[in-house]
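A.B. asks: Below are the sequence and a predicted model; questions follow.
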Amino acid sequence: MDKVLFDDLVNSLQEARAIAKGQAGASRRFELPAPDAKAVREQIGLSQSEFADLMRVSVKTLQNWEQHRREPTGPAAALLKIVAASPQLALKSLHA
């Protein structure tokens, strides 16, 4: 292996370890906000209970998202993005 390439690799690993230990900040960080749950729900014309059933969450959880007391994370945030981007396809897929 080329010495320059090897040195770059070692430096990258040392930087990754420092970031993992909290000793250094990441050089890049991306934050993608979740879509507004209320806007998505209103876009497809469902009631809170219907939309909560579709998302497989409780109505209380949906209300917390809509009132911005909580933010959807993980699969719920991904599903909201899918429903926002392609509501008809998402509804067809979820009701199949």
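C.D. replies: It's in.

A.B. asks: For the one helix or strand residue 61 maps to, which residues meet the burial criterion?
C.D. replies: Per DSSP states H and E, residue 61 falls inside helix 59-66. For helix 59-66, burial by neighbour count (16 or more other Cβ atoms under 10 Å) applies to 61, 62, 64, 65, 66. For every residue, glycine as well, the C-beta is placed using N, CA and C.

A.B. asks: Closest one to residue 26 out of these, please.
C.D. replies: Nearest to residue 26 among the buried residues of helix 59-66, counting by Cβ to Cβ, is residue 65 at 27.5 Å.

A.B. asks: excluding its backbone neighbours, what's nearest that closest one?
C.D. replies: Spatially, and ignoring its direct neighbours in sequence, residue 65 is nearest to residue 37 (3.9 Å; Cβ to Cβ, 6 or more residues apart in numbering).

A.B. asks: Hmm, the one you found is touching residue 64, no?
C.D. replies: No. Contact criterion Cβ atoms under 8 Å: residue 37 and residue 64 do not qualify, at 9.1 Å.

A.B. asks: picking that back up, what helices and strands are in contact with the helix holding residue 61?
C.D. replies: Counting by 3 or more Cβ pairs under 8 Å, 6 or more residues apart in numbering; DSSP states H and E, the packing neighbours recorded for helix 59-66 are helix 37-44, helix 48-55.

A.B. asks: got the ones you listed as TSV, with mean pLDDT, mean neighbour count and distance to residue 29 columns?
C.D. replies: Shown next, in TSV, are the helices and strands packed on helix 59-66 (pLDDT from 0 to 100; neighbours: other Cβ atoms under 10 Å; distance: least, Cβ to Cβ, whole Å):
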stretch	mean pLDDT	mean neighbour count	distance to residue 29
helix 37-44	95	18	24
helix 48-55	94	17	28
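
A.B. asks: of those helices, which approaches residue 84 most closely?
C.D. replies: helix 37-44 (4.8 Å).

A.B. asks: contact partners of that closest one?
C.D. replies: 48, 51, 62, 65, 66, 72, 80, 83, 84, 87, 91 (Cβ atoms under 8 Å, 6 or more residues apart in numbering).
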